[in-house]
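In: I would like the atomic coordinates for the input below:
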Amino acid sequence: MSPFKISHVWALVLILLIPSVAEAHLLTGEGGGFLHGFEHPLSGLDHMLAMFCVGLWGAQMGGRSVWSLPIAFPLIMVAGGVLGIAGVPLPAVESGIALSIVVLGLAIALLWRPPEWLALVVIGVFAIFHGYAHGAELPNAADPADYAFGFVVATGLIHLAGIAVGLGFLKVQKGQLARALGGVISLGGIYFFVS
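Out: Numbers count the residues shown, from 1 in each chain. Alright, predicted model coming up:
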């Protein structure tokens with residue numbers, strides 16, 4: 001049995017959610033601070049669905065992909081964020097975000113298990129779009145570093161939720177529930193794409 005248990009994940013979640021009194025700048029300005037950054041991915045359904053899918057797809061693929069996809073996504077998202085902060089033009093950002101939900105949902109629904117490197121390329125492209133959209137917002141934040149840190153922590157927790165659901169659903173009806181969930185999420189992506 002692995003030394004890493006679900007109880008450790010819950011302990012980490014609790015530690016991350018307890019605000020520190022010493023961090024007086026947590027809620028600063030109109031859009032800055034750790035808590036604003038932490039809240040942002042949780043309030044945007046498009047971002048939440050994509051992040052959830054990354055974790056779920058990694059769990060479905062198994063092996064190293066369980067962790068490599070959710071770790072790579074926020075790292076590459078930072079690169080997209082830097083492009084957004086710098087004002088580098090990136091066309092069709094919102095379409096790229098919506099397409100990420102469609103493609104990742106379909107990957108889950110169709111039980112697509114590409115080589116790990118290809119899955120990393122797929123999520124990497126979408127991470128650029130997600131990071132860019134949020135990086136373009138960072139200069140308005142009173143404390144961009146704290147905002148970005150909160151954002152990445154929340155994104156990681158959404159990935160963990162996707163992994164947990166994915167690993168749980170793999171045992172139920174031979175993964176059919178996970179595939180059905182992927183299909184529903186993909187339909188949500190189509191809604192975001194057309195709206």
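In: Which is the succeeding secondary structure element to the helix or strand of the chain with the lowest mean pLDDT?
Out: Ranked by mean pLDDT, DSSP states H and E, the helix or strand of the chain with the weakest confidence is helix 6-17, at a mean of 41. As assigned by DSSP states H and E, the chain's next helix or strand after helix 6-17 is helix 34-43.
In: Could you list the buried residues of that next one?
Out: Judged by neighbour count using 16 or more other C-beta atoms under 10 Å, the buried positions of helix 34-43 are Phe34, Leu35, His36, Gly37, Phe38, His40, Pro41. C-beta here means a position set from N, CA and C on the backbone, and glycine is covered the same way.
In: Please apply the same query to stretch 168-180.
Out: Quick answer for stretch 168-180 (16+ other C-beta under 10 Å): Phe169, Leu170, Gly175, Ala178, Arg179.
In: Please identify which pair of these lies farthest apart.
Out: Across the buried residues of stretch 168-180, no pair lies farther apart than Leu170 and Arg179, at 10.3 Å, counting by C-beta to C-beta.
In: could you point out which element follows the helix or strand hosting Leu160?
Out: Leu160 is part of helix 144-169, with elements assigned from DSSP H and E. Sequence-wise, the next helix or strand downstream of helix 144-169 (DSSP H and E) is helix 176-194.
In: Using PDB, write down the CA coordinates of stretch 131-147.
Out: The C-alpha trace of stretch 131-147 is given here as PDB (Å, rounded to 0.1, in the frame of the first residue of the first chain):
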ATOM      1  CA  GLY A 131      -3.000  30.700 -18.700                       C
ATOM      2  CA  TYR A 132      -3.200  33.400 -21.300                       C
ATOM      3  CA  ALA A 133      -6.800  34.400 -20.500                       C
ATOM      4  CA  HIS A 134      -5.900  34.700 -16.800                       C
ATOM      5  CA  GLY A 135      -2.500  36.200 -17.300                       C
ATOM      6  CA  ALA A 136      -4.100  39.100 -19.200                       C
ATOM      7  CA  GLU A 137      -6.000  39.800 -16.000                       C
ATOM      8  CA  LEU A 138      -3.000  39.700 -13.600                       C
ATOM      9  CA  PRO A 139      -1.700  43.300 -14.200                       C
ATOM     10  CA  ASN A 140      -5.000  44.600 -12.700                       C
ATOM     11  CA  ALA A 141      -4.400  42.700  -9.500                       C
ATOM     12  CA  ALA A 142      -3.000  44.500  -6.600                       C
ATOM     13  CA  ASP A 143      -0.600  41.600  -5.900                       C
ATOM     14  CA  PRO A 144      -0.200  39.500  -9.000                       C
ATOM     15  CA  ALA A 145       2.200  37.000  -7.400                       C
ATOM     16  CA  ASP A 146      -0.200  36.200  -4.500                       C
ATOM     17  CA  TYR A 147      -3.100  36.100  -7.000                       C
END
